[in-house]
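> prediction below, plus the sequence it came from.
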Amino acid sequence: MQRFTVWAPRAKTMSLQWSGHFLPMQGPSKRGWWTLEVPEAMCGDEYSYRIDDDPTPYPDPRSLRQPKGVHGPSQLYDHSAFEWHDQLWRGSPKTGAVIYELHVGTFSKEGTFDGAITHLDYLADLGITHVELMPVAEFAGDRGWGYDGVAFFATHEPYGGPDGLKRFVDACHAKELSVILDVVYNHFGPVGAYANKFGPYLTDRHRTPWGDAVNLSEGGSDDVRRFFADNALMWLKDYHCDGLRLDAIHAFMDYSAVPFLEQLSTEVDRLSATLGREFFLIAESDLNDPRVIRPCEAMGFGMDAQWSDDFHHSLFTLLYTKEPGKGYYDDFGTMADLHKALKHAYVYDGCYSKYRKRKHGRPVESLSAHHFIHFDQNHDQIGNRAHGERLEHLVGLDASKVAIGLVLMAPYIPMLFMGEEWATSSPFLYFADHEDEEMRRLVAEGRKRDFALFGFDGNVPNPEAPETFERSKLCWDEIGKGKHAEMLDWTKSLIWLRRSTPALNDGIMHHLRVSTDDRMKTLVLQRDEIRVVANIGTEAYGFDLLSGEELTLVSVSGVEVLGNALSLPAMSLAVLVSSREHAEDREVS
């Protein structure tokens, strides 16, 4: 027995197309739901819906599988049929997380979930605790970043479909790796987005960079919110994911008394208690508003953490000075910015933003550093450059070592982007696969306009060309060679030190001491018995050692302690370690 249900409050009639039949559905209910029970329907059957007199059959907005793409019929799928092996898994601790962001299509040669599984031993050995997947909900075409998803409950077929994702999650848990899935609830993609034909999923009262906003607080919004909340719970319950990263929540136009994010965090807490598993909710937000990460009881939205763009921008503009600031980089570029990002999380916490031409943000008070995700690169900051250059491509190996050293030694939760740990030679370009020629043209022209804001001119790789996608795949055969092996050894040493040192897992922000020298461009982080010293200037700089300190890690070769001082060459970083007793005595004195 299969019960078909669909929300279509504006429809006068609804029919189910199944097995060559057109079957009228019962409804609508008071809230606009239509239903039909079909005893003969089985898992694997294809079906679609017809709305009123429209002769076109449309896929189910809640379709669990789209084997023939976003325009084809939906397919019945049984979540209970998969055999899991992770019954004892409860998730890695959030406070000690080391996150690794990856794109399934370019992470492995195969570009599939099964291809990614072959590299899980590598990630576990590296010291990763959480794997963050870029979106895998079904989108148009074979290749893309995933942020133009339209069938939110289905898993992208070219990656391996729903069973492929489940095999990947199951394999991650066997290696003690948690899985965070990137989800996009701020818009539907431009191709194959049929949901709004069924009901008011969108509203033209508000606009976003992608068009009409998702309807979160107007007529019909209860069921729209139910759609997205059920989607989130599905990834956690039926796919055993350990967390979600919510894309660009600043694009939510939500004026309700109980914001959607608060509703979602409350429902995820209930699921966590029911299943006995810990979940991790991460928001991407440029609001610089601590309400996003405050608990609901403190009138917050209840997210566990948020991406910290201010740290990235502060660091990047100091390391890469070959071109003037463009776009949001106009607001950054001083040691004071980096100092503030490290000590206070937000640089813009109520002060004036030249880029925005207004005051922006509010201060963070009494919140753990573990509510913020720090990174020196991610898919956006690489792929939104015209040529997809990684940080090492722009600033060289020494500066990249300093950058990842600051990310991994700061009190915030660190995130690496796939391949940066070995300074991969592969770029990460923007790529897409639209079948419509006009859409292909619009995408290519739109990218050129976007790049112009950041000063990129001239030849821009065509996002629709297959070679743009192929160039973005990681080159695993380079990992043990030359500078790639050097970078990997450095990263593994930093991660090992972080994960094995209690002081480096302390999120209390007032325990962190930061000092900077604007003229010499030096920085010191003090975290109890750990002291990190960095020289991002152009001249060598001498640091006096404190009582009992020993040099533990240094990013360049040939650096020695002479007497009671350490001379760091330009663009280098060192980690100094004291005994707990020495650190406490220093505190008393």
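Everything's here; your move.

> now do the same contact list for residue 219.
Shown here is residue 219, whose contacts under the criterion C-beta atoms under 8 Å, 6 or more residues apart in numbering are residue 200. Every residue, glycine included, has its C-beta placed from N, CA and C.

> if you set the cut-off to 10 Å instead, what comes out?
Counting by C-beta atoms under 10 Å, 6 or more residues apart in numbering, residue 219 touches 9, 200, 203.

> residue 437 too?
In this structure, residue 437 makes contact with residue 464, judged by C-beta under 10 Å, 6+ apart.

> excluding its backbone neighbours, what's nearest residue 299?
Nearest residue to residue 299 in three dimensions, chain neighbours excluded: residue 291, at 7.0 Å (C-beta to C-beta, 6 or more residues apart in numbering).

> dump the residue contacts of that neighbour.
The contact partners of residue 291, taken as C-beta under 10 Å, 6+ apart, are 259, 261-262, 285, 298-303, 362.

> just give the closest residue to residue 111, not the sequence neighbours.
The shortest distance from residue 111 to any residue that is not its chain neighbour, by C-beta to C-beta, 6+ apart, is 4.4 Å, and that residue is residue 105.

> who are the packing partners of the host helix or strand of the one you found?
Applying DSSP states H and E as the criterion places residue 105 in helix 104-107. In this structure, helix 104-107 packs against helix 113-117, strand 130-133, helix 161-174, helix 466-471, with contacts taken as 3 or more C-beta pairs under 10 Å, 6 or more residues apart in numbering; DSSP states H and E.

> part of a helix, is the residue nearest to residue 299?
Yes - residue state for residue 291 (DSSP: H, G, I helix; E, B strand; the rest coil) corresponds to a helix.

> ok, it to residue 361 distance?
11 Å (C-beta to C-beta, to the nearest Å).

> residue 494 too?
Here the distance between residue 494 and residue 361 works out to 30 Å (C-beta to C-beta).

> same thing with residue 192?
Distance check for residue 192 against residue 361: by C-beta to C-beta, it reads 37 Å.

> and what of residue 379?
24 Å.

> and if you look at residue 6?
If you go by C-beta to C-beta, the gap between residue 6 and residue 361 works out to 42 Å.

> residue 351 contacts residue 344, doesn't it?
No - with contact taken as C-beta atoms under 10 Å, residue 351 and residue 344 are classed as non-touching, separated by 11.2 Å.

> hey, what's in contact with both of these two?
Contact with both residue 351 and residue 344 is made by residues residue 363, according to C-beta under 10 Å, 6+ apart.

> settle it for me: which of those two has more neighbours?
Shown here are residue 351 and residue 344; by other C-beta atoms under 10 Å, residue 344 has more neighbours (16 against 13).

> please name the residues that touch the residue lying closest to that one once chain neighbours are set aside.
Closest residue in space to residue 344, ignoring its immediate chain neighbours: residue 364 at 6.2 Å, by C-beta to C-beta, 6+ apart. When the contact criterion is C-beta under 10 Å, 6+ apart, the partners of residue 364 are 288-290, 293-294, 344-346, 349, 371-372, 509.

> distance of the closest residue to residue 120 other than its chain neighbours relative to residue 109?
Taking C-beta to C-beta, 6+ apart as the measure, residue 120 lies nearest to residue 175, with 4.8 Å between them; neighbours along the chain are not counted. Distance, residue 175 to residue 109, by C-beta to C-beta: 20 Å.

> where does the protein dip in pLDDT?
Within the chain, the segments meeting pLDDT under 70 span 324-325, 447-458, 586-589.

> would you say residue 154 is within a strand?
Yes - remark: residue 154 belongs to a strand, assigned using three-state DSSP.

> mind checking how far it is from residue 66?
The separation that residue 154 has from residue 66, given C-beta to C-beta, amounts to 5 Å.

> any residues in contact with both of the two?
Residues touching both residue 154 and residue 66 by C-beta under 10 Å, 6+ apart: 59-60, 74-75, 137-139, 161.

> could the contacts of residue 219 go into JSON lines alongside secondary structure?
Below are the contacts of residue 219 laid out as JSON lines (three-state DSSP):
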{"residue": "9", "secondary structure": "coil"}
{"residue": "200", "secondary structure": "coil"}
{"residue": "203", "secondary structure": "strand"}
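
> filter the contacts of residue 291 down to the buried ones.
The neighbour-count test (16 or more other C-beta atoms under 10 Å) applied to these identifies 259, 261-262, 285, 300-303 as buried.

> nearest to residue 566 among those?
Distances from the buried ones among the contacts of residue 291 to residue 566 were compared by C-beta to C-beta; the smallest belongs to residue 285, at 38.8 Å.

> how near is the closest one to residue 135?
Using C-beta to C-beta, we find residue 285 at a distance of 17 Å from residue 135.

> kindly report the same for residue 286.
Noted for residue 286: a distance of 19 Å to residue 135, by C-beta to C-beta.

> which one of those two has more residues nearby?
residue 135 (22 against 18).

> which other helices and strands contact the longest helix along the chain?
If each helix of the chain is counted by residues according to DSSP state H, the longest one is helix 482-500. Applying 3+ C-beta pairs under 10 Å, 6+ apart, we find helix 482-500 packed against helix 120-126, helix 391-395, helix 397-409, strand 413-417, strand 550-554, strand 572-577.

> that one to strand 572-577, inter-axis angle?
Interaxial angle, helix 482-500 versus strand 572-577 (axes from the mean of the first three to the mean of the last three C-alpha atoms, to 10 degrees): 30 degrees.

> and helix 482-500, how far from the chain's centre?
22 Å (C-alpha atoms, centre = their mean, to the nearest Å).

> helix 397-409 and that one, what's the angle between them?
20 degrees.

> one step back: between the helices and strands packed on helix 104-107, which one is closest to residue 517.
Smallest distance to residue 517 across these (C-beta to C-beta): 34.8 Å, for strand 130-133.

> and the next helix or strand past that closest one?
For strand 130-133, the following helix or strand on the C-terminal side (DSSP H and E) is strand 137-139.

> now for that next one, which elements pack on it?
Taking 3+ C-beta pairs under 10 Å, 6+ apart as the contact definition, the neighbouring helices and strands of strand 137-139 are strand 149-155, strand 178-183.

> so in that sheet, which strands flank it, and in what orientation?
Strand 137-139 has its sheet partners listed here by DSSP bridges as strand 149-155 (antiparallel).

> tell me which element residue 235 falls in.
Take DSSP H and E as the rule and residue 235 turns out to sit in helix 221-237.

> in that helix, what's buried?
Buried positions in helix 221-237, judged by neighbour count with 16+ other C-beta under 10 Å: 221, 223-225, 227-229, 231-236.

> ditto for stretch 519-532
Using 16+ other C-beta under 10 Å as the test for burial, stretch 519-532 gives 520-523, 525-532.

> so which of those comes closest to residue 501?
Using C-beta to C-beta, the shortest approach to residue 501 within the buried residues of stretch 519-532 belongs to residue 530, at 6.4 Å.

> run the chain-centre distance for stretch 261-270.
Its chain's C-alpha centre lies 19 Å from the corresponding centre of stretch 261-270 when counted by C-alpha atoms, centre = their mean.

> identify the residues contacting that stretch?
Residues outside stretch 261-270 that contact it (C-beta under 10 Å, 6+ apart): 185, 216, 225-226, 228-230, 232-233, 236, 243-244, 246, 249, 252, 254, 256, 258-259, 279-281, 283, 285, 291-292, 295-296, 299-304.

> inside strands: which ones of those?
Applying DSSP state E to the contacts of stretch 261-270, the entries found in strands are 243-244, 246, 280-281, 283.

> what about residue 384, neighbour count?
Counted by other C-beta under 10 Å, the residues lying close to residue 384 total 17.

> thought residue 312 was touching it, still the case?
No - with contact defined as C-beta under 10 Å, residue 384 and residue 312 do not form a contacting pair (11.9 Å).
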